[in-house]
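Asks: predicted model and sequence follow; I will ask about them next.
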Amino acid sequence: MLARYSPNVSRSRQAIFLRLYSEYKSQHNQPIVDLLLKHKQEEQNKADSNSFKVHAFSKAVLAILQYQHPIRSGKDLIQLRGIGPGIAARINEYLLSDESMLDEDPALYDELRKSQALSALSNLPGIGSITAKKLVEAGCLSVADLKSDRFSSFLSVKQKAKIMYAEHLEQPVKRQEAEEVLDFCRDSLNPQYELTLVGDYRRGLSSFSDIQIMISHPDFVFVPLPSEENPDEQSDTPKKRTRGRKKNDEKSSLLLSDVVPLLQQRGVIAEALGSSSKTWEGIVRIPGTRDNWGDRLDRISAVGNIEGDYRKLAIHLVPQKSRGSSLICLTGDADFEKDICYRARQRHMLFNEYGLWRWTSNPSESSDASSTSPEPIKANDDVTTVKEAGYWSLLNSATEEDILRELGMDFVEPTRRNFSYVTGKRKRKRPGV
């Protein structure tokens, strides 16, 4: 019976909203109501409509209908329930379109311009609200102003790079673009390098904020020992990966001494944003398909003139023995990785980006570990200091299948590695726990 009447109920609710919008006009702010209704309708008509945005516009319209004073700026509405910074910025933009305001109320016009600039600058990649406020107070009222030399002292090198490519970085990365960058990188590097797209791409998303590439090489085999002393010291939450860099690491890093210089020479890198011995982040030019690569000098010239499309790229160099664990960590998502850490701890193991580890508290009890890892990696004196003598043994972590098998799990397709999978599994008894 409920199913029979639900369409009528839905139509009834829609009619109430339509009647509210059509019959209860705003005495002072009807143009703003009409503006927000227009934005709401445009959002609803999109193929990938965002239901949260639609709801936000509806709440804003209701709030303004109940507001009994003329709106002079979006600032008037910040305290109203249903009006957020985004809606207030849209209202400011609309009010600024009234050219007569500059003559009628210069002070209000100036306030609106500053408010609009603060909102616009805060949303730029690499510019937070604190920096945006300092810039506005110094007289920066637009992105064009920000790109001038006058305000360069307010920005770091990294911020300047992000601002230069702001329009590009605001665009989502398409799967084809990520594949084109991967293809170009493979062609540019020695065949011994093995490259894999990870992150949101590997989890099957149609678009994402940046390109993530995992890279390994037969000469890079060093696997750092865990800093934890024994399984009782572990946490279910994965440790944040360190990005510190030492001068010696930089000189010996294949990533910084070989990979990045080669990509720069081939004319794909536009800007570097940050690096460590194992991770490089920067902005690259999308090379297109092989037929459109052109020659090296053409690509370098295009980068110099900011021609073409640019996206953010992160390259992660991982040890050969750690490919499986690194693939799990770099693919994500965070909930899936946390679940893997939990499962490892339940078995008195440790999982991190370098592998799956088993703790041996007494050398005489090492037979179990050596059955999987014939040559256990023993912790040095700096690592095993108190509480309990012992060492970590690195289990077979070369593939994801190896690790999941050790944890009593079937292989999980990357597209299913998310919160829904984890919570679905936890509703049932964990296998082997």
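Replies: Happy to help now that I have it. Residues are numbered from 1 along each chain as shown.
Asks: only C-alpha atoms from now on, for both contacts and neighbour counts.
Replies: Fine.
Asks: got a list of what residue 315 touches?
Replies: 212, 213, 214, 215, 279, 280, 281 (Cα atoms under 8 Å, 6 or more residues apart in numbering).
Asks: helix, strand, or coil at the last one?
Replies: Think residue 281. strand (DSSP: H, G, I helix; E, B strand; the rest coil).
Asks: from residue 317, how far off is it?
Replies: 12 Å (Cα to Cα, to the nearest Å).
Asks: more neighbours, these two?
Replies: residue 317 (26 against 19; other Cα atoms under 10 Å).
Asks: thought that one was touching residue 279?
Replies: Yes. The criterion here is Cα atoms under 8 Å, and residue 317 meets it with residue 279 at 6.2 Å.
Asks: what residues are shared contacts of those two?
Replies: Between them, residue 317 and residue 279 share the contacting residues residue 255, judged by Cα under 8 Å, 6+ apart.
Asks: next, count neighbours for residue 129.
Replies: Around residue 129 there are 14 residues (other Cα under 10 Å).
Asks: and the furthest pair within the contacts of residue 315?
Replies: Maximum pairwise distance among the contacts of residue 315 (Cα to Cα): 13.5 Å, between 215 and 281.
Asks: would you mind measuring from the closest residue to residue 193 other than its chain neighbours to residue 316?
Replies: Spatial nearest neighbour of residue 193, excluding adjacent residues (Cα to Cα, 6 or more residues apart in numbering): residue 217 at 4.8 Å. From residue 217 across to residue 316, the span is 12 Å (Cα to Cα).
Asks: more neighbours, the two?
Replies: residue 316 (22 against 18).
Asks: quick check: which ranges of this protein have low pLDDT?
Replies: Filtered on pLDDT under 70, the chain yields the residue ranges 1-24, 74-75, 78, 99, 101-103, 229-251, 362-389, 422, 424-433.
Asks: can you show me the strands along it?
Replies: 173-174, 194-197, 207-208, 211-216, 269-275, 279-285, 310-317, 349-352, 355-360, 391-394 (DSSP state E).
Asks: list the buried residues in the fifth one.
Replies: Put plainly, it is strand 269-275. 269, 270, 271, 272, 273, 275 (16 or more other Cα atoms under 10 Å).
Asks: tell me which two in those residues are the farthest apart.
Replies: 270 and 275 (14.5 Å).
Asks: what lies in contact with stretch 26-42?
Replies: Taking Cα under 8 Å, 6+ apart as the rule, stretch 26-42 contacts 53-54, 57-58, 60-61, 64-66, 68-71, 91, 94.
Asks: make it 7 Å
Replies: Outside stretch 26-42, the residues that touch it by Cα atoms under 7 Å, 6 or more residues apart in numbering are 54, 57, 61, 64, 65, 69, 70, 71.
Asks: looking at those residues, which one is closest to residue 80?
Replies: residue 64 (8.7 Å).
Asks: and the most centrally placed residue in the chain, what is it in contact with?
Replies: Nearest to the mean C-alpha position of the chain, counting by Cα atoms, centre = their mean, stands residue 209 at 5.8 Å. By Cα under 7 Å, 6+ apart, the residues touching residue 209 are 172, 173.
Asks: switch the cut-off to 10 Å
Replies: Neighbouring residues of residue 209 by Cα atoms under 10 Å, 6 or more residues apart in numbering: 169, 170, 171, 172, 173, 174, 200, 311, 312, 313.
Asks: the last one: neighbour count?
Replies: Other residues near residue 313 number 21, with proximity taken as other Cα under 10 Å.
Asks: do the first one as well
Replies: Residues near residue 169, counting by other Cα under 10 Å, number 20.
Asks: surely it meets residue 162?
Replies: Yes. Residue 169 is in contact with residue 162 according to Cα atoms under 10 Å; the separation is 7.6 Å.
Asks: who touches both of these two?
Replies: Joint contacts of residue 169 and residue 162 (Cα under 10 Å, 6+ apart) are 124, 125, 283, 312.
Asks: list just the nearest of the residues you listed to residue 86.
Replies: The closest of the shared contacts of residue 169 and residue 162, once distances to residue 86 are taken by Cα to Cα, is residue 124, at 13.9 Å.
Asks: which ones are touching the closest residue in space to that closest one that isn't next to it in sequence?
Replies: With sequence-adjacent residues excluded and distances taken as Cα to Cα, 6+ apart, residue 124 is closest to residue 166, at 6.6 Å. By Cα under 10 Å, 6+ apart, the contact set of residue 166 is 123, 124, 125, 126, 143, 159, 160, 310, 311.
Asks: so which of these wins on neighbours?
Replies: residue 311 (26 neighbours).
Asks: show me what contacts that residue?
Replies: 165-174, 177-178, 181, 209-211, 270, 282-286.
Asks: would you list the buried entries among those?
Replies: Applying 16+ other Cα under 10 Å to the contacts of residue 311 flags 165-166, 168-169, 173-174, 177-178, 181, 210-211, 270, 282-286 as buried.
Asks: okay, the contacts of residue 166 in CSV with distance to residue 188 next?
Replies: Converted to CSV, these look like this (distance: Cα to Cα, whole Å):
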residue, distance to residue 188
123, 35
124, 32
125, 29
126, 30
143, 35
159, 28
160, 28
310, 18
311, 18
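Asks: in helices, which of those fall?
Replies: Among the contacts of residue 166, the ones falling in helices (DSSP state H) are 143, 159, 160.
Asks: tell me how many other residues crowd the nearest residue to the first one once chain neighbours are set aside.
Replies: For residue 143, ignoring the flanking residues on the chain, the nearest one in space by Cα to Cα, 6+ apart is residue 121 at 7.0 Å. Residue 121 has 24 neighbouring residues, counting by other Cα under 10 Å.
Asks: wait, residue 121 touches residue 147, no?
Replies: No. Taking contacts as Cα under 10 Å, residue 121 lies outside contact range of residue 147: 11.6 Å.
Asks: common neighbours of those two, please.
Replies: 140, 163.
Asks: that older thread, would you turn the shared contacts of residue 169 and residue 162 into a markdown table with distance to residue 35?
Replies: Converted to a markdown table, those look like this (distance: Cα to Cα, whole Å):
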| residue | distance to residue 35 |
| --- | --- |
| 124 | 25 |
| 125 | 28 |
| 283 | 37 |
| 312 | 35 |
